[in-house]
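> With the input below, show me the fold.
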Amino acid sequence: MKEEEKLRQLYEDMYAAMICKDEAALMRMHESSFVLIHMTGLHQDRDTYIHAVMDGTLNYYSARTKDLSVHVHGDSAVMTGRSLISAAVFGSGRHTWRLQLCIQAQKRENVWKLMKAEASAW
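Alright, predicted model coming up:
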């Protein structure tokens with residue numbers, strides 16, 4: 001499997017783990033120094049973010065990828081995905097969000113890890 005294909009699968013697996021609240025998978029995918037920057041500007045480190053998924057602060061119901069670009073540069077990559085996300089976050093009701101996620105990934109010991117993600121609307 002090409003590196004680009006591995007990263008595309010990682011993107012889809014990330015959303016699947018968020019929807020299923022698969023803590024072990026989320027921990028494996030995200031580097032310990034991972035940071036998520038929400039569209040509000042809020043920064044969450046990996047453990048805070050995953051805890052918010054697990055406790056229902058961030059509830060994801062479905063994700064439908066509309067577009068995903070992947071650019072690999074050796075052991076670094078940038079993915080920019082546009083997805084329709086059904087979610088209820090931070091106490092709000094369930095909505096469908098047009099979410100763009102720009103993700104930096106790094107290959108560590110032959111495994112791609114998510115390093116940073118920045119969310120915005122599209």
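> Tell me the backbone dihedrals of the residue sitting nearest the centre point of the chain, please.
For the chain, the residue nearest the mean C-alpha position is Met14 (5.4 Å; CA atoms, centre = their mean). Backbone geometry at Met14, expressed as degrees, to the nearest 10, gives phi -60, psi -50.
> What pLDDT is listed against the residue nearest to Thr57 when sequence neighbours are not counted?
Nearest non-adjacent residue to Thr57, counting by CB to CB, 6 or more residues apart in numbering: Phe90, 6.3 Å away. C-beta: built from backbone N, CA, C; applies to glycine. Note on Phe90: pLDDT of 94.
> since we're on Phe90, how many residues are nearby?
For Phe90, the count of nearby residues is 12 (other CB atoms under 10 Å).
> Same question for Val35.
With other CB under 10 Å as criterion, Val35 counts 18.
> For it, give me its contacts.
Going by CB atoms under 8 Å, 6 or more residues apart in numbering, Val35 touches 43-46, 116-117.
> cool, Ala117 as well?
So Ala117 contacts 34-37, 101-104 (CB under 8 Å, 6+ apart).
> Pull out the buried residues from the residues you listed.
34-36, 101, 103-104 (16 or more other CB atoms under 10 Å).
> Tell me which entries of the residues you listed lie within helices.
Judged by DSSP state H, helices contain none of those.
> ok so, going back, include secondary structure when you put the contacts of Val35 into CSV, please.
Shown next, in CSV, are the contacts of Val35 (DSSP: H, G, I helix; E, B strand; the rest coil):
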residue, secondary structure
His43, strand
Gln44, strand
Asp45, strand
Arg46, helix
Lys116, strand
Ala117, strand
